[in-house]
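1. how would this look folded up:
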Amino acid sequence: RLDADMPSPTIVLLPMWATGHFSSMLEAGKRLLFCSAGRTAAYSLTVLVTPPPMAASSEASSSQQAHCEMMATVDGIVFHHLPAIEHRTDLAHPSEYIRLYAPQVKEAIAGLAAPVAAVVVDFFGTPLLDVAHDLAVPAYVYFASTGAMLALMLRLPGIQEELASRLREEGGVVDVPGMPPVPVASMPSPDVNDYTWFAYYGRRFLETRGIIANTAAELEPGVLASIAGGRCTPGGRAPTVYPIGPVLSPKPRVVVDARSSSSAQECIRWLGAQPPASVVFLCFGSMGWMNAEQAREVAAGLERSGHRFLWVLRGPPAGSGSGHPTDANLGDLLPDGFLERTKAQGVVWPGWAPQLEILAHAAVGGFVTHCGWNSVLESLWHGVPMAPWPLYAEQHLNAFELVAVVGVAVAMEVDRRRDNFVEAAELERAVRALMGGGEEGRKAREKAHEMKAACRKAVEERGSSYAALERLRHAIRKGANTATAHFKAPQPLI
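-> The predicted structure follows:
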């Protein structure tokens, strides 16, 4: 029992600034904020906000600020914005940059006027585990990606050298515990993903009290069982994993004005006039954009498919320092006459669109997606089958898992040697398979419908993710009792 005169314990969150990571951790934190009985807050949340590095675009800062403002209305959440620090602009990895904030993070946590029950770091913030250890605070990692990616990271320290050579072999396969043999072509590219950091994460995750994962036992039973059974950490202890997902992350529009907000709703109004499950939705995340060559292939494939479509098309970033797309100039990107010829068939949307609301609409029957994990979970939550078009990070592994393991997607050939290019004929084939009456699409639709029910059941009372969250709360509560017993309020400076 906590002392009535003692301030409530706080859970410190250390999210990474990228939209998919930041929003997902905040939503997971909200779940931790409340006890199961009566939805009474047992803790507060203290969010230490690290500013994006200078190399990141202003859009990253704007997105981060929009999420903070959205969450600031929730009682019990306090945001502490860490001041920006000078740093080299050539830092090669987000974790290198986050490591620079260790002194500030330590000072901020030590100065809190409440006992700290736990520190939760994004996996990119794994170097900050040293701060939690120095302060003798229980530490957890929040893993916003798949169980399969987690299994790979945990296994990597023991196979790193062997894997490095195998990833250079064309036609080879990789053993990810709990998965069927993964083609090298479906692995994160070693040219743009640092496997040394992946192995670093896998080693250091074992120092934590647990890994909070945005997945569900029903969604990835094989990999989660392999982790729990020690297949990823032979000779060592298996980490404790809390699969609490799906954690869905509503995305606030970064730039809101009356014109853009009302125009975004035109997508929803158009969908309202379409038959059920008749529209294929194409959207590629906060970083996805197309040049004219690719956009014209997509246009040709969609037109020839004959299916209704809602295509969110973004243009190239504004400058070399920005990775975020711009609103598309459709005249520059699309073939002459395409919009006129297809005006009864579909809509090309050149800016931000309310993805979660679109996927929830009864008119949407398929989703061509970049396979960002948040987008995948949103699609599964609404039972929408997918055609994967992976672009970067772990998305090629996600795509393989969706097709070969979960069975909720129709495969589409993506040419990684041409910057993930997709030919018009291949897109046409995939859309027809996804939306038509063939066996491939039927199986994906059936499985997506099953996963919709499984995901929703998982987070309900007595569901698997609900139970995992209760176990996590119990573990944190034990840490809170210890923290409270040893807590001394920081003395004010004189």
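2. residue contacts, the nearest residue to Pro53 once chain neighbours are set aside?
-> Distances taken as CB to CB, 6 or more residues apart in numbering place Tyr97 nearest to Pro53, at 4.8 Å, with adjacent residues excluded. C-beta here means a position set from N, CA and C on the backbone, and glycine is covered the same way. Counting by CB atoms under 8 Å, 6 or more residues apart in numbering, Tyr97 makes contact with Pro53, His87, Leu91.
3. ranges for the strands of the stretch 201-350 of the chain?
-> 210-213, 241-243, 279-283, 308-312, 314-315, 326-327, 346-349 (DSSP state E, counting those that start in this stretch).
4. For Arg432, list the residues it contacts.
-> Ser305, Gly306, His307, Gly438.
5. Could you check how far Ile227 is from Ala448?
-> Per CB to CB, to the nearest Å, Ile227 is found 25 Å from Ala448.
6. between those two, which one's more packed in?
-> Taking other CB atoms under 10 Å, Ile227 and Ala448 do not tie; Ile227 has more neighbours (26 against 23).
7. And Lys443, how close does it get to Ala433?
-> 10 Å.
8. Those two: which has the busier surroundings?
-> Neighbour totals were compared for Lys443 and Ala433, and Ala433 leads with 21 against 14 (other CB under 10 Å).
9. dump the residue contacts of that one.
-> Here Ala433 is in contact with Ala387, Val410, Glu440, Gly441 (CB under 8 Å, 6+ apart).
10. The strands of the stretch 201-350 of the chain: which one's closest to Glu461?
-> strand 241-243 (16.4 Å; CB to CB).
11. low-scoring pLDDT stretches of the stretch 1-150 of the chain, where are they?
-> 1-5, 35-41, 55-60 (pLDDT under 70).
12. ok, Val12 - how many residues close by?
-> 27.
13. before we move on, what about the one 10 residues further on?
-> Residue crowding around Phe22 was assessed by other CB under 10 Å; the count is 26.
14. which element is it on?
-> helix 19-33 (DSSP states H and E).
15. helices or strands next to that helix in the packing?
-> Packing partners of helix 19-33 (3 or more CB pairs under 8 Å, 6 or more residues apart in numbering; DSSP states H and E): strand 10-14, strand 44-49, helix 58-71, strand 77-81, strand 116-122, strand 139-143, helix 373-381, helix 464-485.
16. Okay, buried residues for it please.
-> 19-29, 31-33 (16 or more other CB atoms under 10 Å).
17. just the angle between that helix and strand 44-49, please?
-> 160 degrees (axes from the mean of the first three to the mean of the last three CA atoms, to 10 degrees).
18. Pretty sure Glu220 sits against Thr146.
-> Yes: Glu220 is in contact with Thr146 according to CB atoms under 8 Å; the separation is 6.6 Å.
19. which neighbours do these two share?
-> Jointly contacting Glu220 and Thr146 under the rule CB under 8 Å, 6+ apart are Glu401.
20. mind exporting stretch 336-345 as PDB, just the C-alpha atoms?
-> Only the C-alpha atoms of stretch 336-345 are listed here, as PDB (Å, rounded to 0.1, in the frame of the first residue of the first chain):
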ATOM      1  CA  ASP A 336      -2.000  13.100 -69.500                       C
ATOM      2  CA  GLY A 337      -5.800  12.500 -69.400                       C
ATOM      3  CA  PHE A 338      -5.600  10.000 -66.500                       C
ATOM      4  CA  LEU A 339      -7.700  12.000 -64.100                       C
ATOM      5  CA  GLU A 340     -10.400  12.600 -66.700                       C
ATOM      6  CA  ARG A 341     -10.500   9.000 -67.900                       C
ATOM      7  CA  THR A 342     -10.800   7.600 -64.300                       C
ATOM      8  CA  LYS A 343     -13.000  10.200 -62.700                       C
ATOM      9  CA  ALA A 344     -15.800   7.700 -62.300                       C
ATOM     10  CA  GLN A 345     -13.400   5.000 -61.100                       C
END
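21. From the rest of the structure, what touches it?
-> Ala299, Leu302, Glu303, Gly306, His307, Arg308, Phe309, Leu330, Val348.
22. show me the contacts for His133.
-> So His133 contacts Ala139, Glu207 (CB under 8 Å, 6+ apart).
23. Relative to Ala164, how far out is the nearest residue to Cys283 once chain neighbours are set aside?
-> In space, and not counting its chain neighbours, Cys283 is closest to Val312: 4.2 Å by CB to CB, 6+ apart. Per CB to CB, Val312 is found 37 Å from Ala164.
24. quick one: which of the two has more around it?
-> Val312 (22 against 12).
25. Beta-bridge partners for the more buried one, please?
-> On the basis of DSSP bridges, Val312 is bridged to Trp349.
26. any idea how far Ala353 is from it?
-> 5 Å.
27. how many neighbours does Val119 have?
-> Count around Val119 with other CB under 10 Å applied: 29.
28. Which strand residues bridge it?
-> So, taking DSSP bridges as the rule, Val119 has Val12, Ala139 as bridge partners.
29. residues touching it, list them.
-> By CB under 8 Å, 6+ apart, the neighbours of Val119 are Ile11, Val12, Leu14, Ile109, Leu128, Val131, Ala132, Val137, Pro138, Ala139, Tyr140.
30. Throw those into a markdown table and include distance to Leu397, thanks.
-> Shown next, in a markdown table, are the contacts of Val119 (distance: CB to CB, whole Å):
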| residue | distance to Leu397 |
| --- | --- |
| Ile11 | 30 |
| Val12 | 30 |
| Leu14 | 25 |
| Ile109 | 34 |
| Leu128 | 26 |
| Val131 | 30 |
| Ala132 | 29 |
| Val137 | 33 |
| Pro138 | 30 |
| Ala139 | 26 |
| Tyr140 | 24 |
